[in-house]
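Colleague: got a sequence here, can you build the structure:
(one chain, ligands or ions: 3)
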Amino acid sequence: MNVPEIIPNHVTFIMDGNGRWAKARGKDRIFGHFEGVESVRSVLETSVELGIKYVSFFAFSEENWGRPQQEVLGLMDLMMRSMKNEVESFLSNGIRFRVLGNLQRLSPELRNEISHLEEITAGGDKMTMIIFMSYSGQWDLRQAAERMVSDGGDDISKYLVTAGVPDPDLLIRTSGEKRISNYMLWQLAYTEFVFTDTLWPDFRKEQYLDALQEYASRDRRFGKVK
Ligand code: IPE
Ligand code: IPE
Ligand code: MG
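Modeller: Ligands and ions are numbered 1, 2, ... in the order given. Purely as a prediction, here's the structure:
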C-alpha cells in the first residue's frame, strides 16, 4: 500500500450518491444504501491499517427525515442490522463505536441497540468510529447554546455533541456535490475538504488513498504565516 506521508487524526465523510448509484442500475435507492455499507467497511479497514484515530460518517441528517417513509424506514433498518453485524469486528479491532445526533427522534429499539454497542465497545482504544445520525450542525449549535446558557458556561465546544472529539482534519464528500449540507458547522472551521465525483458505493480503498494523498499535499496554515 502506498502510505501517505501525513496521516490525518480525524477523517469525516459525507457519504453521498447512494440513490444515484442505485438508479443507474435500475434499482431501488435502498440498494445503494446497502452497497454503501460495504464502503464504510472498506474505509474502516484501511483506517485501522493506517492508524487513523477518528473516523466519522454523516449517515442521516435531520433534513433526511423528510424523505419518503419507505426510505427512512429502510435506512433505520439498515443501521440496526449493520450494528449487529459489526459487533465482533469492532471488538476484535479495538474500535470504539459512537453515535451522535438528535437521538430522541430514533425509535427506542434503535436507541437501545446503540447504547448497547457503545457500552460494549467503550474500551476500544485503537480507533473511534462515529456515526452522525439525525444530526445537523444548526441543531447541534442550538442545543449547545441552550445548555451553555443554562450552565453559565463559555466554551461552546464543550456542549456540542462532539465534545472531547478532535475537530476533523479532513472532510471527504462523494458524488460531486460541493456543499456541507448542514453538517458540523462549528467543528469544520479549519478542516481540509476533498470533493470527489465518485458515488459513495464506489468509494473504496483506492479512492480513499487518493483522497489521503491529496490531504498530505495540502499546506495547513490556520491563519498564520509559515
Ligand atoms: C447518501 O446518499 C445517503 C443519505 C443521505 C442517507 P443519497 O441517498 O443522498 O443519494 P443521492 O444523493 O440521492 O444519490
Ligand atoms: C447529506 O446528503 C447528508 C448525508 C450524507 C447523511 P444529502 O443527500 O442529504 O444532501 P443534499 O440534499 O444533497 O444537500
Ligand atoms: Mg444525496
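Colleague: state the helix or strand in which the nearest residue to residue 209 once chain neighbours are set aside lies.
Modeller: Spatial nearest neighbour of residue 209, chain neighbours left out: residue 2 (6.3 Å); criterion: CB to CB, 6 or more residues apart in numbering. C-beta: built from backbone N, CA, C; applies to glycine. Counting by DSSP states H and E, there is no helix or strand that carries residue 2.
Colleague: same check, this time on residue 128
Modeller: strand 127-135.
Colleague: elements contacting that strand?
Modeller: Counting contacts by 3 or more CB pairs under 8 Å, 6 or more residues apart in numbering; DSSP states H and E, strand 127-135 packs against helix 29-50, strand 54-61, helix 69-93, strand 95-100.
Colleague: can you lay out the ones you listed as JSON lines showing mean pLDDT?
Modeller: Compiled in JSON lines, the helices and strands packed on strand 127-135 are given as follows (pLDDT from 0 to 100):
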{"stretch": "helix 29-50", "mean pLDDT": "98"}
{"stretch": "strand 54-61", "mean pLDDT": "98"}
{"stretch": "helix 69-93", "mean pLDDT": "98"}
{"stretch": "strand 95-100", "mean pLDDT": "98"}
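Colleague: ok so, going back, please report phi then psi for the residue nearest to residue 209.
Modeller: The phi and psi values for residue 2, taken as degrees, to the nearest 10, are phi -80, psi 90.
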